[in-house]
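In: Any chance you could fold what I've pasted below:
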Amino acid sequence: MPRKPKQQASALKVLPGVAQPSQLNDEAVIRMQGKKNEPLNIDDLFNGIRSGNRMLLSKAITLAESARSDHQLMAQALIEKCLPFSGKSLRIGITGVPGVGKSTFIEALGTWLTSRGHKLAVLAIDPSSSRSKGSILGDKTRMEDLATDPNAFIRPSPSAGTLGGVARKTWETVVLCEAAGFNTIFIETVGVGQSETAVHSMVDFFLLMMLAGAGDELQGIKRGIMEMADGIVINKADGSNLKKAMLARSEYERALNLFPLPPSGLRPKVALCSAIDRSGIKEAWKKIEDYCSFTRMNGYFESKRLEQAEVRMYDTIEGRLRNDFFNDKDIKNMLQKVLLDIREHRISSYIAAQQLLDEYYALNGKK
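Out: Okay, the predicted model is just below:
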């Protein structure tokens, strides 16, 4: 029989390792989350929001953004508890074409405000991919100072591809942030487009940011967006671009004088600023404050908020009816047949819609 080879002694000896401590503070996690492995309830979230716990505020916003029906029930119960503590902030919508410097402007104005005692929440709406449904949510990386500011809270949220979703989810986030004690809310849109209408319907002041020297100023933006604006800021008004910015301001002021006087009773003002060297930031905020003071005195501020609440109610009804219709099992089955008939040119789209609606009303006992 062959002999087994002798094992040679090794000069290396592996010592038992030392257990590494956890990277998390377990006690802090339990305090924030409640008892271990026990889901948070409405009272935990509400008390955490009111005490300024950012972790629980973020969890509450995620709950409100969830599409799950059980999460929605919890979110609505939480929002109802928070409503009496909301409504005391100044809500400002900020829009502009991509590259205009919205994030840089928000950081410059935001840090200026927090240094003067404001508590600021920035809600940045990111566009969602129509294919993957995902969003980059990278606004925090462009606001480095605000992201570490103890008086600021930045929450990027996906648009989820629906304007109604933007309006409802963002408004719910506003309520939660106001209940947490934030007295100034910035809502940054994805850029000039349809989402501006949704954001305009939930803010007290709608700021339009523009660039000078980027083409024909008056043709570079739709009249509808300008009519929605309560104020215009021309950014990057510095260096060799300052003269162009001043010329652009004159052009915008002349154009705004051609529009009818807005319901607020105050014609929009045009300001210059440079978010990079932070010039004109104080003046831009002064125009926002002047507008809000004027509209509070003439009653438009409060009447606009009441009108926005009514619009949200109608939008919620429309969204619920749409969901109920398309989630109906019988309608789903019928829809495939009707779509085939449309593709084969056997019926028109109008007749197809009428057939589906008639079927839905019949199924629900309504004529």
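
In: Now do the helix or strand hosting Thr62: which elements does it pack against?
Out: Element membership for Thr62 (DSSP states H and E) is helix 54-65. Packing partners of helix 54-65 (3 or more C-beta pairs under 8 Å, 6 or more residues apart in numbering; DSSP states H and E): helix 42-50, helix 69-82, strand 152-158, helix 163-179. In this view, the C-beta of every residue, glycine as well, is placed from N, C-alpha and C.

In: which regions of the stretch 1-150 of the chain lie under the pLDDT threshold?
Out: 1-39, 126-142 (pLDDT under 70).

In: what are the ranges of the strands in it?
Out: Secondary structure of the stretch 1-150 of the chain (DSSP state E, counting those that start in this stretch): strands at 90-96, 120-126.

In: do you know which of those strands lies nearest Ala284?
Out: Among the strands of the stretch 1-150 of the chain, the nearest to Ala284 by C-beta to C-beta is strand 90-96 (10.6 Å).

In: closest to Lys243 out of the helices and strands packed on helix 54-65?
Out: Per C-beta to C-beta, nearest to Lys243 of these: strand 152-158, 34.2 Å.

In: quick one: low-confidence parts of the stretch 201-350 of the chain?
Out: In the stretch 201-350 of the chain (pLDDT under 70), the answer is 213-223.

In: one more time with 80
Out: 213-224 (pLDDT under 80).

In: Can you list the residue ranges for strands in it?
Out: 205-211, 231-235, 269-272.

In: Pull the second one out as CSV, backbone CA atoms only.
Out: Listed in CSV are the C-alpha atoms of strand 231-235, where the atom choice follows Å, rounded to 0.1, in the frame of the first residue of the first chain:
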residue,chain,number,x,y,z
GLY,A,231,-42.4,86.3,-10.8
ILE,A,232,-39.5,85.8,-13.2
VAL,A,233,-35.8,85.5,-12.3
ILE,A,234,-33.1,85.7,-15.0
ASN,A,235,-30.2,83.6,-13.7
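
In: still on that earlier bit, same list (the strands of the stretch 1-150 of the chain) but as a markdown table, adding mean neighbour count and distance to Glu178.
Out: Formatted as a markdown table, the strands of the stretch 1-150 of the chain follow (neighbours: other C-beta atoms under 10 Å; distance: least, C-beta to C-beta, whole Å):
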| stretch | mean neighbour count | distance to Glu178 |
| --- | --- | --- |
| strand 90-96 | 23 | 9 |
| strand 120-126 | 24 | 8 |
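
In: Throw these into JSON lines and include distance to Tyr252, thanks.
Out: Below are these laid out as JSON lines (distance: least, C-beta to C-beta, whole Å):
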{"stretch": "strand 90-96", "distance to Tyr252": "13"}
{"stretch": "strand 120-126", "distance to Tyr252": "25"}
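
In: Identify whichever of these lies nearest to Leu208.
Out: strand 90-96 (5.9 Å).

In: Could you check how far Tyr350 is from Leu261?
Out: Plainly put, Tyr350 is 40 Å away from Leu261 if you go by C-beta to C-beta, to the nearest Å.

In: got the contact list for stretch 204-211?
Out: Here stretch 204-211 makes contact (C-beta atoms under 8 Å, 6 or more residues apart in numbering) with 90-97, 99-102, 105, 196, 199-200, 217, 220-221, 225-226, 228-236, 248, 252, 288, 291-292, 295, 301, 304-305.

In: If any of those residues are buried, put those into a PyMOL selection.
Out: Selection of buried members from these for PyMOL, criterion 16 or more other C-beta atoms under 10 Å:
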select buried, resi 90+91+92+93+94+95+96+97+100+101+102+105+196+199+200+217+221+225+226+228+229+230+231+232+233+234+235+236+248+252+288+291+292+295+301+304
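
In: pretty sure Met74 is touching Thr62, no?
Out: No. Taking contacts as C-beta atoms under 8 Å, Met74 lies outside contact range of Thr62: 11.3 Å.

In: between these two, which one's more packed in?
Out: Relative neighbour count places Met74 above the other of Met74 and Thr62, with 20 against 13, counting by other C-beta atoms under 10 Å.

In: Give the buried residues for stretch 79-88.
Out: Ile79, Lys81, Cys82, Phe85, Ser86.

In: Can I get those in CSV including distance to Leu266?
Out: Listed next are the buried residues of stretch 79-88 as CSV, based on distance: C-beta to C-beta, whole Å:
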residue, distance to Leu266
Ile79, 32
Lys81, 36
Cys82, 31
Phe85, 30
Ser86, 26
